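S.K.: A predicted structure for the sequence below; I have some questions about it.
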Amino acid sequence: MVADGFGRAVAFSLAPGQAHELPQAIPLLDRLPGVPRWVVADRGYSSHAFREHIWNLGARPVIPAKCNEEPLACPEWIYNNRNLVERLWARLKEWRAVATRYEKTAASFLGVLHLAASFDWLRR
């Protein structure tokens, strides 16, 4: 998921349960309406190629290094905004169909996610 600076969902992509989300991240960033100033992600997205893609977009990556990588500059005051995405997921999971993955097909689950995100946009 990509969220804006106000903690609202902008784009979704579903990955298979056993697959990592990093390959989905680059197409999601390309769906943003403009060029972000910062791209904040957790350690799971720590990849040299992903950081390079973010720099090529004209944004600054704020992704902490993994424990087996050498430390990178990661401004703490920007990384603290990552909780906006966590709170967005908490609001979306208030919907029973999102929290329990009640829908059986990926298309119908993605539809429920879009519906829940639309209502979240209206409430904010």
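M.R.: Now that the structure is in, tell me what you want to look at.
S.K.: quick check: mean pLDDT of the helix or strand hosting residue 114?
M.R.: Using DSSP states H and E, residue 114 sits in helix 106-123. Across helix 106-123, pLDDT averages out at 92.
S.K.: got it, and stretch 74-90?
M.R.: pLDDT averaged over stretch 74-90 gives 88.
S.K.: neighbouring contacts of the helix holding residue 114?
M.R.: For helix 106-123, contacts defined as Cβ atoms under 8 Å, 6 or more residues apart in numbering pick out 8-9, 12, 14, 88, 91-92, 95, 97-98, 101-103. Where you see a C-beta, it was placed from the backbone N, CA and C, and this is true even at glycine.
S.K.: change it to 6 Å
M.R.: 8-9, 12, 14, 91-92, 95, 97-98, 103 (Cβ atoms under 6 Å, 6 or more residues apart in numbering).
S.K.: in JSON lines, list these along with distance to residue 30 and neighbour count.
M.R.: Listed next are the contacts of helix 106-123 as JSON lines, based on distance: Cβ to Cβ, whole Å; neighbours: other Cβ atoms under 10 Å:
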{"residue": "8", "distance to residue 30": "19", "neighbour count": "15"}
{"residue": "9", "distance to residue 30": "16", "neighbour count": "21"}
{"residue": "12", "distance to residue 30": "14", "neighbour count": "16"}
{"residue": "14", "distance to residue 30": "17", "neighbour count": "13"}
{"residue": "91", "distance to residue 30": "25", "neighbour count": "18"}
{"residue": "92", "distance to residue 30": "23", "neighbour count": "19"}
{"residue": "95", "distance to residue 30": "27", "neighbour count": "17"}
{"residue": "97", "distance to residue 30": "28", "neighbour count": "16"}
{"residue": "98", "distance to residue 30": "25", "neighbour count": "19"}
{"residue": "103", "distance to residue 30": "26", "neighbour count": "15"}
